[in-house]
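Novice: Please find the sequence and the predicted model below.
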Amino acid sequence: MAKQNIYDNEIFFDGYTKIRENKNNANILFEMPALYSLMPPLEGKTILDLGCGFGEHDMHYIHCGAASVVGIDISEKMLTVAKAENSHLKITYLHMPMEEISVIQEKFDVVTSSLAMQYVEDYKTLVHDVYELLNDNGLFIFSQEHPMNTCFSGGDRWTRDENGRKLYANISNYGVEKEWESTWFIDHVKRYHRTFSTVINTLIDGGFAIEKIIEPIPSEKMLEEHPEQDDLLHKPDFLLVRARKTN
(Lines give C-alpha, C1' and ligand atoms only; values in the text may rest on other atoms or scores of the structure.)
Protein backbone atom coordinates (compact mmCIF):
# COMPACT_ATOMS: atom_id res chain seq x y z
CA MET A 1 0.00 0.00 0.00
CA ALA A 2 1.14 3.53 -0.71
CA LYS A 3 2.47 5.40 2.30
CA GLN A 4 2.60 9.18 2.56
CA ASN A 5 4.77 11.02 5.06
CA ILE A 6 4.15 14.73 4.68
CA TYR A 7 4.78 15.55 8.33
CA ASP A 8 8.53 15.10 8.05
CA ASN A 9 8.66 17.84 5.43
CA GLU A 10 10.11 20.84 7.29
CA ILE A 11 7.77 23.42 5.71
CA PHE A 12 4.67 21.31 6.30
CA PHE A 13 5.66 20.41 9.85
CA ASP A 14 6.27 24.06 10.80
CA GLY A 15 2.94 25.16 9.29
CA TYR A 16 1.02 22.35 10.97
CA THR A 17 2.66 23.08 14.33
CA LYS A 18 1.58 26.73 14.16
CA ILE A 19 -2.03 25.66 13.54
CA ARG A 20 -2.02 23.30 16.52
CA GLU A 21 -0.57 26.04 18.74
CA ASN A 22 -3.69 28.13 18.07
CA LYS A 23 -6.04 27.23 20.94
CA ASN A 24 -9.07 28.16 18.83
CA ASN A 25 -8.37 25.71 16.03
CA ALA A 26 -11.10 23.33 14.90
CA ASN A 27 -9.32 20.28 16.30
CA ILE A 28 -9.43 21.62 19.84
CA LEU A 29 -12.91 23.16 19.58
CA PHE A 30 -14.68 20.29 17.85
CA GLU A 31 -12.70 17.18 16.93
CA MET A 32 -10.98 16.37 20.22
CA PRO A 33 -14.09 16.79 22.46
CA ALA A 34 -16.11 14.62 20.06
CA LEU A 35 -13.41 11.94 19.92
CA TYR A 36 -13.07 11.81 23.71
CA SER A 37 -16.86 11.64 24.11
CA LEU A 38 -16.88 8.37 22.16
CA MET A 39 -14.35 6.70 24.46
CA PRO A 40 -15.54 4.10 26.96
CA PRO A 41 -14.30 4.23 30.58
CA LEU A 42 -10.57 3.70 30.03
CA GLU A 43 -9.60 2.35 33.45
CA GLY A 44 -7.37 -0.67 32.84
CA LYS A 45 -7.82 -0.58 29.04
CA THR A 46 -5.08 -1.23 26.48
CA ILE A 47 -5.07 1.23 23.57
CA LEU A 48 -3.49 1.46 20.12
CA ASP A 49 -3.39 4.97 18.64
CA LEU A 50 -2.93 5.11 14.86
CA GLY A 51 -1.20 8.27 13.68
CA CYS A 52 -0.50 9.45 17.21
CA GLY A 53 1.20 12.70 16.19
CA PHE A 54 2.43 14.73 19.16
CA GLY A 55 1.03 12.20 21.63
CA GLU A 56 -1.46 14.50 23.38
CA HIS A 57 -4.22 11.94 23.02
CA ASP A 58 -2.03 9.18 24.41
CA MET A 59 -1.23 11.16 27.53
CA HIS A 60 -4.93 11.96 27.93
CA TYR A 61 -5.78 8.25 27.81
CA ILE A 62 -3.21 7.50 30.52
CA HIS A 63 -4.67 10.26 32.68
CA CYS A 64 -8.06 8.58 32.18
CA GLY A 65 -6.69 5.36 33.67
CA ALA A 66 -5.57 3.36 30.63
CA ALA A 67 -3.26 0.48 31.51
CA SER A 68 -1.05 1.07 28.47
CA VAL A 69 -1.00 2.97 25.19
CA VAL A 70 0.93 2.20 22.01
CA GLY A 71 1.16 5.19 19.69
CA ILE A 72 2.37 4.72 16.14
CA ASP A 73 3.24 7.34 13.54
CA ILE A 74 5.07 7.43 10.23
CA SER A 75 6.63 10.80 11.08
CA GLU A 76 9.90 10.89 12.99
CA LYS A 77 9.37 14.61 13.65
CA MET A 78 6.02 13.94 15.27
CA LEU A 79 7.41 11.16 17.42
CA THR A 80 10.34 13.32 18.53
CA VAL A 81 7.86 15.86 19.91
CA ALA A 82 5.69 13.11 21.42
CA LYS A 83 8.62 11.57 23.28
CA ALA A 84 9.79 14.98 24.52
CA GLU A 85 6.42 16.39 25.59
CA ASN A 86 4.14 13.41 26.23
CA SER A 87 6.31 10.59 27.48
CA HIS A 88 5.13 8.17 30.16
CA LEU A 89 6.15 4.75 31.41
CA LYS A 90 2.82 3.38 30.18
CA ILE A 91 3.17 4.85 26.67
CA THR A 92 5.18 3.20 23.90
CA TYR A 93 5.83 5.13 20.69
CA LEU A 94 6.63 3.21 17.51
CA HIS A 95 7.89 4.58 14.20
CA MET A 96 5.48 2.76 11.91
CA PRO A 97 2.95 3.57 9.16
CA MET A 98 -0.65 2.53 9.78
CA GLU A 99 -0.44 0.29 6.73
CA GLU A 100 1.94 -2.03 8.60
CA ILE A 101 0.06 -2.62 11.85
CA SER A 102 -0.52 -6.28 10.98
CA VAL A 103 3.01 -6.99 12.31
CA ILE A 104 1.97 -5.97 15.84
CA GLN A 105 1.63 -9.07 18.01
CA GLU A 106 -0.44 -7.86 20.98
CA LYS A 107 -4.19 -7.26 21.19
CA PHE A 108 -5.97 -4.12 22.35
CA ASP A 109 -9.26 -3.12 23.96
CA VAL A 110 -9.48 0.09 21.92
CA VAL A 111 -7.94 1.12 18.61
CA THR A 112 -8.27 4.81 17.93
CA SER A 113 -7.14 7.32 15.33
CA SER A 114 -7.41 11.09 15.03
CA LEU A 115 -7.67 12.62 11.55
CA ALA A 116 -5.49 10.13 9.72
CA MET A 117 -7.88 7.86 7.79
CA GLN A 118 -8.09 10.21 4.81
CA TYR A 119 -4.38 9.62 4.16
CA VAL A 120 -4.77 5.83 3.87
CA GLU A 121 -5.24 4.42 0.38
CA ASP A 122 -6.41 0.90 1.26
CA TYR A 123 -9.08 1.56 3.87
CA LYS A 124 -10.56 -1.94 3.58
CA THR A 125 -7.29 -3.64 4.51
CA LEU A 126 -6.72 -1.25 7.39
CA VAL A 127 -10.21 -2.03 8.77
CA HIS A 128 -9.37 -5.75 8.55
CA ASP A 129 -6.05 -5.23 10.35
CA VAL A 130 -7.73 -3.22 13.12
CA TYR A 131 -10.33 -5.97 13.58
CA GLU A 132 -7.58 -8.57 14.00
CA LEU A 133 -5.78 -6.43 16.61
CA LEU A 134 -8.84 -5.93 18.82
CA ASN A 135 -9.87 -8.10 21.72
CA ASP A 136 -13.39 -9.53 21.64
CA ASN A 137 -15.94 -6.70 21.79
CA GLY A 138 -13.11 -4.19 21.33
CA LEU A 139 -13.80 -0.70 20.00
CA PHE A 140 -12.51 1.09 16.91
CA ILE A 141 -12.96 4.83 17.44
CA PHE A 142 -11.71 7.31 14.88
CA SER A 143 -12.11 10.72 13.32
CA GLN A 144 -11.46 11.74 9.76
CA GLU A 145 -12.09 14.65 7.46
CA HIS A 146 -15.76 14.60 6.54
CA PRO A 147 -16.49 13.14 3.08
CA MET A 148 -18.07 16.48 2.13
CA ASN A 149 -14.55 17.89 2.52
CA THR A 150 -12.51 15.08 1.00
CA CYS A 151 -14.52 15.23 -2.24
CA PHE A 152 -13.45 18.84 -2.83
CA SER A 153 -10.30 19.11 -4.93
CA GLY A 154 -10.05 22.66 -6.20
CA GLY A 155 -11.68 25.97 -7.07
CA ASP A 156 -13.64 28.23 -4.75
CA ARG A 157 -14.78 26.34 -1.66
CA TRP A 158 -17.65 28.73 -0.96
CA THR A 159 -20.33 30.69 -2.75
CA ARG A 160 -20.51 34.12 -1.11
CA ASP A 161 -22.77 37.14 -1.22
CA GLU A 162 -21.67 40.63 -2.29
CA ASN A 163 -20.26 41.24 1.21
CA GLY A 164 -18.17 38.09 1.21
CA ARG A 165 -20.50 36.22 3.57
CA LYS A 166 -20.52 32.46 3.01
CA LEU A 167 -23.87 31.38 1.60
CA TYR A 168 -23.16 27.68 1.02
CA ALA A 169 -20.35 25.24 0.38
CA ASN A 170 -19.56 24.14 -3.14
CA ILE A 171 -19.62 20.34 -3.42
CA SER A 172 -18.56 18.48 -6.55
CA ASN A 173 -17.99 14.86 -7.55
CA TYR A 174 -19.02 13.53 -4.16
CA GLY A 175 -19.81 10.16 -5.70
CA VAL A 176 -16.39 9.77 -7.33
CA GLU A 177 -14.08 7.94 -4.94
CA LYS A 178 -10.55 8.95 -5.76
CA GLU A 179 -7.09 10.02 -4.73
CA TRP A 180 -6.52 13.72 -5.12
CA GLU A 181 -3.75 16.17 -4.40
CA SER A 182 -4.05 19.55 -2.75
CA THR A 183 -1.81 22.32 -1.52
CA TRP A 184 -1.63 22.59 2.27
CA PHE A 185 1.62 24.33 3.23
CA ILE A 186 3.24 22.28 0.45
CA ASP A 187 2.11 20.96 -2.94
CA HIS A 188 0.99 17.40 -3.69
CA VAL A 189 -0.58 16.50 -0.35
CA LYS A 190 -2.52 13.30 -1.07
CA ARG A 191 -5.93 12.53 0.38
CA TYR A 192 -8.37 9.76 -0.43
CA HIS A 193 -12.04 10.53 -0.87
CA ARG A 194 -14.57 7.88 0.14
CA THR A 195 -18.30 8.41 0.40
CA PHE A 196 -20.02 8.25 3.77
CA SER A 197 -21.59 4.92 2.82
CA THR A 198 -18.21 3.41 1.91
CA VAL A 199 -16.71 4.52 5.23
CA ILE A 200 -19.56 2.91 7.16
CA ASN A 201 -20.27 -0.17 5.02
CA THR A 202 -16.60 -1.16 4.95
CA LEU A 203 -16.70 -1.30 8.74
CA ILE A 204 -19.90 -3.36 8.72
CA ASP A 205 -18.55 -5.74 6.07
CA GLY A 206 -15.36 -6.04 8.14
CA GLY A 207 -17.23 -7.35 11.18
CA PHE A 208 -17.98 -4.16 13.09
CA ALA A 209 -21.25 -2.92 14.54
CA ILE A 210 -21.68 0.85 14.32
CA GLU A 211 -22.52 2.27 17.76
CA LYS A 212 -22.39 6.01 17.22
CA ILE A 213 -21.55 8.64 14.60
CA ILE A 214 -20.80 12.32 15.25
CA GLU A 215 -20.62 15.17 12.73
CA PRO A 216 -19.64 18.08 15.02
CA ILE A 217 -21.40 21.40 14.51
CA PRO A 218 -21.25 24.43 16.80
CA SER A 219 -23.80 24.92 19.54
CA GLU A 220 -25.48 28.29 20.12
CA LYS A 221 -23.09 28.91 23.00
CA MET A 222 -20.12 28.04 20.81
CA LEU A 223 -21.31 30.46 18.14
CA GLU A 224 -21.59 33.23 20.72
CA GLU A 225 -17.95 32.67 21.66
CA HIS A 226 -16.69 31.79 18.18
CA PRO A 227 -19.00 33.32 15.54
CA GLU A 228 -16.41 32.58 12.86
CA GLN A 229 -17.34 28.89 13.17
CA ASP A 230 -20.82 29.40 11.70
CA ASP A 231 -19.71 27.98 8.36
CA LEU A 232 -19.85 24.54 9.99
CA LEU A 233 -23.63 24.83 9.88
CA HIS A 234 -23.29 24.44 6.10
CA LYS A 235 -21.04 21.40 6.29
CA PRO A 236 -19.20 19.66 9.15
CA ASP A 237 -15.41 19.44 8.93
CA PHE A 238 -15.18 16.07 10.68
CA LEU A 239 -16.76 12.64 10.81
CA LEU A 240 -16.31 10.51 13.93
CA VAL A 241 -17.24 6.85 14.29
CA ARG A 242 -17.44 4.41 17.17
CA ALA A 243 -17.61 0.78 16.01
CA ARG A 244 -17.49 -2.45 18.04
CA LYS A 245 -15.88 -5.71 16.99
CA THR A 246 -18.53 -8.40 16.72
CA ASN A 247 -17.77 -12.07 17.24
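Specialist: Okay, I see it. Just so it is clear, the structure is predicted and the values come from calculations on it, not from any experiment. Numbering: from 1, shown residues only.
Novice: dump the residue contacts of residue 87.
Specialist: residue 55 (Cβ atoms under 8 Å, 6 or more residues apart in numbering). Placement of C-beta: from N, CA and C, glycine included.
Novice: For it, which three-state class applies?
Specialist: Secondary structure, DSSP: H, G, I helix; E, B strand; the rest coil: residue 87 is coil.
Novice: what's the residue closest to the geometric middle of this protein?
Specialist: residue 115 (1.7 Å; Cα atoms, centre = their mean).
Novice: Apart from its neighbours in sequence, what residue is nearest that one?
Specialist: Excluding the flanking residues, the one nearest residue 115 by Cβ to Cβ, 6 or more residues apart in numbering is residue 143, at 5.5 Å.
Novice: Over to residue 65?
Specialist: Counting by Cβ to Cβ, 6+ apart, residue 65 lies nearest to residue 43, which is 3.7 Å off, once chain neighbours are set aside.
Novice: quick one: what helix or strand has that neighbour in it?
Specialist: Residue 43 is part of no helix or strand when elements are defined by DSSP states H and E.
Novice: Averaging pLDDT per element, find the lowest-scoring helix or strand in this protein.
Specialist: Lowest mean confidence among the helices and strands of the chain (mean pLDDT, DSSP states H and E): helix 10-21, at a mean of 59.
Novice: what element comes up after that one heading to the C-terminus?
Specialist: helix 26.
Novice: Next SSE downstream of that following helix?
Specialist: Past helix 26, the next helix or strand by DSSP H and E is helix 32-37.
Novice: Please, where are all the helices along the protein?
Specialist: Ranges of helices within the chain are 10-21, 26, 32-37, 56-63, 76-85, 123-133, 147-150, 196-205, 220-225, based on DSSP state H.
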